[in-house]
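In: model this:
(one chain, ligands or ions: 1)
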Amino acid sequence: MLEVDLQVAQKKLREEEAIVRAELADLGFTADGKVDIHLDEGFADAAQTTSERARVLSLAEGLQQRLEDVQAALGRIDKGTYGKCEACGKDIPPERLEAIPAASLCIVCKSKSKR
Ligand SMILES: [Zn+2]
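Out: Numbers count the residues shown, from 1 in each chain. Modelled structure (predicted):
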């Protein structure tokens, strides 16, 4: 019987959440996705402003996506649906959850729905 240790998963997710929030804050974004960024400060005079801005925005987008995934996973722990694939409802293999605690899809569904 394969069991997911929810406490371990929750701990990992909370750690991940804290890390992602800190990284977003570093970039000048608030964790709820609001752009609280002052790209003009120290950025504006730089010649690379546009590409730098694009880089930061895409970085932040990725972080916000991660944060959403992590928060969704924490919500699933609360609801007791953690570890179930959101697409097909089958159990996600514990070793996959161990590697990616925020995973919401099993490997089969994930490979079908590349975003
Ligand atoms: Zn699935």
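
In: residues touching the most centrally placed residue in the chain, list them.
Out: Centre of the chain computed as the mean C-alpha position; nearest residue by C-alpha atoms, centre = their mean is residue 66, 1.3 Å away. Residues near residue 66 by C-beta atoms under 8 Å, 6 or more residues apart in numbering: 16, 20, 102. Just so you know, the C-beta spots here come from the backbone N, C-alpha and C atoms, and that holds for glycine as well.

In: Filter those down to just the ones in strands.
Out: Judged by DSSP state E, strands contain none of the contacts of residue 66.

In: From the ion, how far off is residue 29?
Out: Between residue 29 and the ion the computed distance is 31 Å (C-beta to the ion, to the nearest Å).

In: isn't that residue right up against residue 60?
Out: Yes: the pair residue 29 / residue 60 is scored as a contact, 4.9 Å apart, by C-beta atoms under 8 Å.

In: Who has more neighbours out of these two?
Out: Between residue 29 and residue 60, residue 29 has the larger neighbour count (other C-beta atoms under 10 Å), namely 23 against 19.

In: On the three-state scheme, the more buried one is what?
Out: Assigned by DSSP: H, G, I helix; E, B strand; the rest coil, the conformation of residue 29 is coil.

In: how close does it sit to residue 76?
Out: Distance of residue 29 to residue 76, computed by C-beta to C-beta, to the nearest Å: 25 Å.

In: same thing with residue 51?
Out: 38 Å.

In: These two: which is more packed in?
Out: residue 76 (19 against 10).

In: Skipping its backbone neighbours, what lies nearest the more buried one in space?
Out: residue 82 (4.2 Å; C-beta to C-beta, 6 or more residues apart in numbering).
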